[in-house]
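In: Here is a sequence with its predicted model. Questions after.
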Amino acid sequence: MGSLQSSLDHIKNHTQYPTSSQALIAACGNMSDLASEDKEWFGKTLPEGTYNTPEDVVKAVLAKV
């Protein structure tokens, strides 16, 4: 749960919106507390586009699961 919690915290509190999928993936890649498998999964799962809120990011990822 720590990895998920850390990821959601970053998406919610440490990202300026609107943002692009590329910027989110790059930021995720710089998170030292996130496992490389999780970074890879996020990069493959997040659809290309612009996100206006953290909720948009979570909805987009959940729609692909």
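Out: Now that the structure is in, tell me what you want to look at.
In: And for the residue nearest to Asp33 when sequence neighbours are not counted, the neighbour number?
Out: Nearest-residue entry for Asp33: Ser6, 5.2 Å, with adjacent residues in sequence omitted and distances by Cβ to Cβ, 6 or more residues apart in numbering. The way it works is simple: take the backbone N, C-alpha and C, and place the C-beta from them, glycine included. Other residues within reach of Ser6, judged by other Cβ atoms under 10 Å, total 15.
In: The helix or strand where Ser6 lies - contacts with which helices or strands?
Out: In this assignment (DSSP states H and E), Ser6 forms part of helix 2-13. The contact analysis (3 or more Cβ pairs under 8 Å, 6 or more residues apart in numbering; DSSP states H and E) places helix 2-13 against helix 21-29, helix 36-45, helix 54-63.
In: Just the buried residues of it, please?
Out: 7, 10-11 (16 or more other Cβ atoms under 10 Å).
In: and if you look at stretch 26-43?
Out: Result for stretch 26-43 [16+ other Cβ under 10 Å]: buried residues 28, 31, 34, 38-39, 42.
In: Ala35 versus the closest residue to Thr45 other than its chain neighbours, what's the distance?
Out: Nearest non-adjacent residue to Thr45, counting by Cβ to Cβ, 6+ apart: Lys64, 4.9 Å away. Noted for Lys64: a distance of 19 Å to Ala35, by Cβ to Cβ, to the nearest Å.
In: what do you get for Trp41?
Out: 9 Å.
In: Please apply the same query to Ile25.
Out: Ile25 is 15 Å from Ala35, where distance means Cβ to Cβ.
In: try Tyr51
Out: Tyr51 is 23 Å from Ala35, by Cβ to Cβ.
In: same question, Ile11
Out: Ile11 is 16 Å from Ala35, by Cβ to Cβ.
In: how about low-confidence regions in this structure?
Out: 1-2 (pLDDT under 70).
In: which two from the buried residues of stretch 26-43 end up farthest apart in space?
Out: Met31 and Phe42 (9.6 Å; Cβ to Cβ).
In: tell me, what's touching the two both at once?
Out: Ser7 (Cβ atoms under 8 Å, 6 or more residues apart in numbering).
In: And the buried residues of helix 2-13, which is closest to Val57?
Out: Ile11 (5.2 Å).
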